[in-house]
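**Student:** prediction below, plus the sequence it came from.
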Amino acid sequence: MTSRHPETIALHAGWRRDPATKAVAVPIYQTTSYQFDDAAHAARLFALQELGNVYTRIMNPTNDALEQRIAALEGGAAALVLASGQAATAFTIQNLAHAGDNVVSSTDLYGGTWNMFANTFRDQGIEVRFVDPADPEAFRRATDSRTRAYYAETLPNPKLEVFPIAEVAAIGRPLGIPLIMDNTAAPLLVRPFDHGAAVVMHSTTKYIGGHGSSIGGVVIDGGNFDWAAHPERQPALHRPDPSYHGAVWVEAAKPLGPIAYILKMRVTLLRDLGASQSPFNSFLTLQGLETLPLRIERHCANAEAVADFLAGRPEVSRVIHPKHHRGVAAARTEKYLTRGHGGLLGFELAAGAEAGRRFIDALQLFYHVANIGDSRSLAIHPATTTHSQLSPEEQLKTGVSPGYVRLSVGIEHIDDILADLSQALDAAGTVRQAAE
Ligand code: PLP
């Protein structure tokens with residue numbers, strides 16, 4: 001059965017029934033290893049002449065169903081699930097860049113990604129050059145002969161300005177440089193491959209799972225990048241790999257499809273570094289994924305209603321939501337967010353940090369957590385939590401003012417969401433009244 005509709009793909013892609021028991025739900029294949037048919041079968045699997053289950057660190061049938069389903073939803077060729085979004089990000093880069101190489105990344109990143117790029121990768125000899133995504137040409141200017149990839153988030157918070165995917169992908173493609181997109185905040189809303197990205201990753205911890213029970217990550221190979229045309233630019237896929245009896249990945253993958261990038265990631269990085277997703281977490285993530293198309297609609301509708309509500313409140317000096325942008329950011333919202341604006345938004349309390357603290361403490365329905373993309377509504381005051389190690393000037397540079405509050409709007413009834421925000425704003429408003 002093939003469909004181009006996400007509602008159908010989320011329920012059907014990658015799995016029909018268990019071949020042995022005919023079970024309809026994807027079973028949790030809680031096994032470490034798989035019996036080979038015979039010695040010749042084992043040899044073929046190890047030689048990559050045939051793809052099949054060998055050992056769960058590298059592949060597993062429950063994980064496989066999730067991988068196929070997410071690849072189908074993104075319009076990619078193949079996927080690899082990993083233990084966390086962080087592992088997925090690390091692998092997207094380490095699959096191409098080695099010590100002495102560099103990557104050009106947008107400055108607008110999740111803090112954990114920023115730390116990995118600025119510190120851990122630096123320690124590993126991989127330089128990450130940060131550029132402002134407001135000007136796509138900045139990616140070209142930062143490129144040199146050792147640049148192996150471009151990296152960005154589709155809808156980064158706190159600014160929530162959509163990344164210029166097609167513009168930057170078009171700069172990289174003729175140079176042999178793939179654009180890797182973190183699409184965590186915009187699943188189903190934006191398909192980066194449709195705009196020229198070559199690789200997509202998600203933290204499945206967020207919207208894809210939705211239930212807030214499981215950490216996980218996934219990398220999807222678009223199968224749309226001509227690695228073979230760029231041997232100098234992409235040595236990792238062209239040099240004989242001594243860890244796999246001299247395999248040249250662009251050649252070795254040919255019989256299996258346009259999956260050189262993700263095949264190499266699975267059989268070398270995952271084999272060696274072992275950041276595997278447990279089949280149990282894949283099972284839970286599949287449960288969430290089945291309802292993602294419905295949930296994301298409600299996330300978008302509720303967030304938009306919250307943005308409009310906040311814009312009318314006197315305690316709020318600014319609303320940050322893709323629909324409320326002006327200028328270039330508004331044009332990018334219009335170009336890319338045609339299916340909805342996502343569930344995230346930010347706002348600034350005119351009375352500053354103390355009002356932010358009071359607002360958070362007064363919330364009753366919203367959870368105060370450092371997470372996004374849960375079905376429940378979530379809130380955080382970055383100036384006193386996630387960004388508290390930065391100086392006030394650094395906070396402002398990342399888009400966090402003292403009174404900035406981030407909301408991840410859930411799928412509860414909108415009346416309950418607005419009622420909670422309203423009473424918490426009343427509590428925060430007392431700060432200003434006291435100051436007046
Ligand atoms: N990318 C984005 C945009 C995120 O928000 C996060 C987590 O907050 C990650 C990556 C990392 O994912 P994980 O927490 O699953 O490791």
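**Tutor:** Yes, it's here. Residues are numbered from 1 along each chain as shown.
**Student:** which parts of the stretch 201-350 of the chain sit against the ligand?
**Tutor:** Among all residues of the stretch 201-350 of the chain, those adjacent to the ligand (criterion: Cβ under 6 Å from any ligand atom) are 203, 205, 215, 217. Heads up, the C-betas are built off the backbone N, CA and C, glycines and all.
**Student:** same list (those) but as CSV, adding distance to residue 287 and secondary structure.
**Tutor:** Listed next are these as CSV, based on distance: Cβ to Cβ, whole Å; DSSP: H, G, I helix; E, B strand; the rest coil:
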residue, distance to residue 287, secondary structure
203, 17, strand
205, 14, coil
215, 15, coil
217, 17, strand
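**Student:** neighbour-wise, which one of those residues leads?
**Tutor:** When neighbours are counted by other Cβ atoms under 10 Å, residue 203 leads those with 29 neighbours.
**Student:** could you find the closest non-adjacent residue to residue 182?
**Tutor:** The spatially closest residue to residue 182, leaving aside those adjacent along the chain, is residue 153, at 4.3 Å (Cβ to Cβ, 6 or more residues apart in numbering).
**Student:** how many neighbours does that neighbour have?
**Tutor:** For residue 153, the count of nearby residues is 23 (other Cβ under 10 Å).
**Student:** same question for the one 5 residues further on.
**Tutor:** The tally of other residues near residue 158 (other Cβ under 10 Å) stands at 21.
**Student:** who are the contact partners of it?
**Tutor:** With contacts defined as Cβ atoms under 8 Å, 6 or more residues apart in numbering, residue 158 is in contact with 320, 346, 382, 398, 399, 400, 404, 406.
**Student:** ok, back up a step: got the phi and psi for the residue nearest to residue 182?
**Tutor:** Torsion angles at residue 153 (phi, psi; degrees, to the nearest 10) stand at phi -100, psi 140.
**Student:** the strands in the stretch 1-150 of the chain, which residues?
**Tutor:** Secondary structure of the stretch 1-150 of the chain (DSSP state E, counting those that start in this stretch): strands located at 78-82, 102-106, 127-131, 147-153.
**Student:** possible to save the residues of the stretch 201-350 of the chain next to the ligand as a markdown table with pLDDT?
**Tutor:** Formatted as a markdown table, the entries for these read as follows, by pLDDT from 0 to 100:
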| residue | pLDDT |
| --- | --- |
| 203 | 98 |
| 205 | 98 |
| 215 | 98 |
| 217 | 98 |
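**Student:** which of those sits closest to residue 72?
**Tutor:** residue 217 (17.8 Å; Cβ to Cβ).
**Student:** can you tell me the closest non-neighbouring residue to the closest one?
**Tutor:** Once chain neighbours are set aside, the closest to residue 217 by Cβ to Cβ, 6+ apart is residue 88, at 3.1 Å.
**Student:** and the helices in the stretch 151-300 of the chain?
**Tutor:** With DSSP state H, counting those that start in this stretch, the ranges of helices along the stretch 151-300 of the chain come out as 165-172, 249-252, 260-264, 271-273, 279-289, 292-311.
**Student:** please identify the most buried of the ones you listed.
**Tutor:** Across these, the average number of neighbours (mean count of other Cβ atoms under 10 Å) peaks for helix 260-264, which reaches a mean of 26.
**Student:** could you list the residues in contact with stretch 352-359?
**Tutor:** In contact with stretch 352-359 (Cβ under 8 Å, 6+ apart) are residues 315, 349, 381, 383-384, 402-405, 424-425, 427-432.
**Student:** in the stretch 201-350 of the chain, which residue sits closest to the ligand?
**Tutor:** residue 203 (3.1 Å; Cβ to the nearest ligand atom).
**Student:** should've said the stretch 51-200 of the chain
**Tutor:** Shortest the stretch 51-200 of the chain-to-the ligand distance, computed as Cβ to the nearest ligand atom: residue-wise this is residue 85, at 2.2 Å.
**Student:** beta partners of the nearest residue to that residue once chain neighbours are set aside?
**Tutor:** The spatial neighbour of residue 85 that comes closest, neighbours along the chain excluded (Cβ to Cβ, 6+ apart), is residue 203 at 2.5 Å. Residues in a beta bridge with residue 203, per DSSP bridges, are residue 217.
**Student:** wait, doesn't residue 203 sit right on residue 84?
**Tutor:** Yes: using Cβ atoms under 8 Å, residue 203 and residue 84 qualify as a contacting pair, with a distance of 7.1 Å.
**Student:** how far does stretch 189-197 sit from its chain's centre?
**Tutor:** When C-alpha coordinates are averaged (Cα atoms, centre = their mean, to the nearest Å), stretch 189-197 and its chain have centres 13 Å apart.
**Student:** hmm, back to that, the residue of the stretch 201-350 of the chain closest to the ligand: what's it in contact with?
**Tutor:** Counting by Cβ under 8 Å, 6+ apart, residue 203 makes contact with 84, 85, 86, 88, 182, 184, 216, 217, 373.
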